[in-house]
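[1] got a predicted structure plus its sequence, pasted below:
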Amino acid sequence: MPRISLLIADVDGTLVTEDKILTERAQAAVAALRRHDIQFAITSGRPPRGMAMLIEPLDIAAPVAGFNGGVFTRPDLSVIETRTLAPDIARQAIEIIEHHGLDPWLYTGTDWLIHKKDAPHVDREAWTVKFDAKVVSPFVAADLDRAVKIVGVSDDHELVARCEADIEAVLGEHASAKRSQPYYLDVTHPEANKGAVVDTLVKRLGIPAKEVATIGDMPNDVLMFRRSGFSIAMGNASNEVKSQASAVTDSYNDEGFAKAVERFLLNGDAA
């Protein structure tokens, strides 16, 4: 077990429960990290303001990495850095998503744009991020110029996986395409991925990558696993994700985040 100076956590499926609850034990675990001189940061496919409700309870001081690293903000949500997709790449990603029959969403640094209010997962996303989408059809050039993240949404999980593979094949190094949930495909700037989040936080905080621990549950979290000195997969992760991690903890519905902190980072001490 290497010396750890920073823990970077995914949010949905990891830090919060299935019902998007931040438990008291998770809060206590983060507080205990600070007492052990371990910094704490969060990263997510959510927009930064969709993580605002976590900043105060967890007393987060590190930069917040929204949109999988598409936007970095300070804890007060003032923007440090934004990485937008090239407009032609955003347009091609939307075309491929629509060709596969997925619903396209477009996020700018401030807005969430959709085509259909009653599309799958719109209501749940609004409840999760605590703000509503704007209905726009079609997306216009001004929207594509500001695109930080394109999302393809479908409850056909195999279809989402095929769309991911096709976007990667067509757009190559011009975009990062990874599933943040089985039903969400996130398309971002090629340097807006969770591996690049580790690189950025290492530089900004002056911490060696070998002293970084990461924890997550989805394929897009594997990118940060590979860049960190120690990685933890959630119990609710797929076997593919678990096989890429240094260790595995319990499910997000069984205090998996807090247990991982207590077991691996606090030397078995209760938070």
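    In hand now; what should we look at?
[2] could I get the full set of strands for the stretch 151-271 of the chain?
    Assigned by DSSP state E, counting those that start in this stretch, the stretch 151-271 of the chain shows strands spanning 176-181, 184-188, 212-216, 230-233, 247-248.
[3] tabulate the CA atom coordinates of the fourth one in PDB.
    The reference is to strand 230-233. The C-alpha trace of strand 230-233 is given here as PDB (Å, rounded to 0.1, in the frame of the first residue of the first chain):
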ATOM      1  CA  PHE A 230      -3.900   2.900  -5.800                       C
ATOM      2  CA  SER A 231      -7.400   2.300  -7.100                       C
ATOM      3  CA  ILE A 232     -10.600   1.000  -5.600                       C
ATOM      4  CA  ALA A 233     -13.600  -0.400  -7.500                       C
END
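[4] circling back to that earlier point, dump the strands of the stretch 151-271 of the chain into TSV; add distance to Val222 and mean neighbour count as well.
    (Each C-beta comes from the backbone N, C-alpha and C, glycine too.) Shown next, in TSV, are the strands of the stretch 151-271 of the chain (distance: least, Cβ to Cβ, whole Å; neighbours: other Cβ atoms under 10 Å):
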stretch	distance to Val222	mean neighbour count
strand 176-181	9	23
strand 184-188	14	28
strand 212-216	8	28
strand 230-233	8	26
strand 247-248	13	16
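[5] just send these back as a markdown table, with mean pLDDT too.
    Shown next, in a markdown table, are those (pLDDT from 0 to 100):
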| stretch | mean pLDDT |
| --- | --- |
| strand 176-181 | 90 |
| strand 184-188 | 95 |
| strand 212-216 | 98 |
| strand 230-233 | 98 |
| strand 247-248 | 98 |
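[6] neighbouring strands of the helix or strand of the chain with the lowest mean pLDDT in the sheet, and parallel or not?
    Lowest by mean pLDDT, DSSP states H and E among the helices and strands of the chain is strand 176-181, with a mean of 90. Paired strands of strand 176-181, with direction, are strand 184-188 (antiparallel) (DSSP bridges).
[7] so how far is Ala260 from Ala26?
    As judged by Cβ to Cβ, to the nearest Å, Ala26 and Ala260 stand 10 Å apart.
[8] residues touching the spatially most central residue of the chain, list them.
    Closest to where the C-alpha atoms of the chain average out (Cα atoms, centre = their mean) is Ser44, at 2.2 Å. When contacts are counted by Cβ atoms under 8 Å, 6 or more residues apart in numbering, Ser44 is found next to 10-12, 50-51, 65-66, 68, 180.
[9] how much space between it and Ala52?
    The gap separating Ser44 from Ala52 is 12 Å, by Cβ to Cβ.
[10] before we move on, what about Ala119?
    Using Cβ to Cβ, Ala119 is found at 24 Å from Ala52.
[11] burial count for Met218?
    Neighbours of Met218 under the rule other Cβ atoms under 10 Å: 25.
[12] ok, it touching Gln244?
    No - using Cβ atoms under 8 Å as the test, Met218 is too far from Gln244 to be in contact (11.1 Å).
[13] got the CA positions of stretch 198-206 in CSV?
    Coordinates of each C-alpha in stretch 198-206 appear next as CSV, following Å, rounded to 0.1, in the frame of the first residue of the first chain:
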residue,chain,number,x,y,z
VAL,A,198,-5.8,12.9,-12.2
ASP,A,199,-3.1,14.5,-14.2
THR,A,200,-4.6,18.0,-13.7
LEU,A,201,-5.1,17.6,-9.9
VAL,A,202,-1.6,16.2,-9.5
LYS,A,203,-0.2,19.3,-11.1
ARG,A,204,-2.4,21.8,-9.3
LEU,A,205,-2.0,20.3,-5.9
GLY,A,206,1.7,19.3,-6.2
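[14] where along this protein do the helices fall?
    Using DSSP state H, the helices of the chain run over 24-35, 52-58, 87-99, 122-129, 141-145, 157-171, 194-205, 219-227, 239-242, 256-260.
[15] average pLDDT for the second one, rounded please.
    pLDDT averaged over helix 52-58 equals 97, rounded to a whole number.
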